[in-house]
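**Q** Next comes the sequence, and after it the predicted model I'd like to discuss.
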Amino acid sequence: MVVESGNLVESAQNPERVSAENPLILFDGVCKLCNSSVNFIIARDPVGRFRFAPLQSSLGGQILEDHGLSPDVLDTMVLVCGSRIYTRSGAALRIAKGLHWPWPLLYAFVLIPSFLRELVYKGIARNRYRWFGTFESCRVPTPDIEKRFLA
């Protein structure tokens with residue numbers, strides 16, 4: 001059973017796959033903006049808390065399906081914390097909360113009504129390929145960060 005509340009989807013399926021201590025970020029592997037966001041997160045997560053996988057990977061698709069989300073929708077960043085999934089601006093704000101100081105201050109934007117945050121997020125997501133470009137294939141991590149990528 002999947003219960004959706006704003007940007008949160010809870011599911012009892014596969015809660016052991018990703019823990020709250022080591023959340024997984026699913027990102028559009030061919031989007032240059034998304035890959036830059038991953039680089040930004042890695043640089044500001046010195047303890048290596050966050051792990052990553054492309055939305056286009058079999059793991060990404062399976063996790064989305066497990067939580068009742070379409071694996072064909074690539075216009076959102078997804079944060080998986082144990083049995084919980086956050087999407088779009090909810091995911092971005094919770095990721096900021098888990099980064100090195102001063103980035104957790106951005107979590108205060110959660111006070112802005114979600115429909116306003118989502119308008120901005122969706123506008124950027126809709127135009128990201130045109131504004132930032134794409135790669136021919138999904139990112140291949142370098143050896144120094146390879147252990148943080150699950151797919």
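**A** Nice, thanks for sending it over.
**Q** max-length helix in this protein?
**A** For the chain, the helix with the greatest residue count under DSSP state H is helix 114-132.
**Q** which residues touch that one?
**A** 6-7, 28, 31-34, 36, 75-76, 88-90, 92-93, 109 (CB atoms under 8 Å, 6 or more residues apart in numbering). Using the backbone N, CA and C atoms, a C-beta is placed for each residue, glycine as well.
**Q** One more: stretch 22-41?
**A** Contacts to stretch 22-41, defined as CB under 8 Å, 6+ apart, come from residues 17-18, 49-57, 60, 63-64, 74-75, 77-81, 91, 95, 98-99, 124, 128-129, 131-139, 150.
**Q** go with 7 Å
**A** Stretch 22-41 is contacted from outside by 18, 49-56, 60, 63, 74, 77-81, 95, 99, 128-129, 132-135, 137-139, 150, using CB atoms under 7 Å, 6 or more residues apart in numbering.
**Q** so of those residues, which ones are in strands?
**A** Counting by DSSP state E, the contacts of stretch 22-41 place Arg51, Phe52, Ala53, Pro54, Val78, Leu79, Val80, Cys81 in strands.
**Q** Same list, those, but as CSV with distance to Leu105 please.
**A** Below are the ones in strands among the contacts of stretch 22-41 laid out as CSV (distance: CB to CB, whole Å):
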residue, distance to Leu105
Arg51, 24
Phe52, 23
Ala53, 27
Pro54, 29
Val78, 23
Leu79, 18
Val80, 24
Cys81, 20
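**Q** now for the residues you listed, which pair is the farthest apart?
**A** For the ones in strands among the contacts of stretch 22-41, the farthest-apart pair by CB to CB is Pro54 and Cys81; their separation is 18.5 Å.
**Q** Comparing those two, which residue is more hemmed in?
**A** Between Pro54 and Cys81, counted using other CB atoms under 10 Å, Pro54 has the larger neighbour count: 25 against 19.
**Q** Now the more buried one: closest residue in space that isn't a chain neighbour?
**A** Distance criterion CB to CB, 6 or more residues apart in numbering; nearest residue to Pro54, sequence neighbours excluded, is Gly29 at 3.0 Å.
**Q** backbone phi and psi for that neighbour, please?
**A** Main-chain dihedrals, Gly29, degrees, to the nearest 10: phi -70, psi -20.
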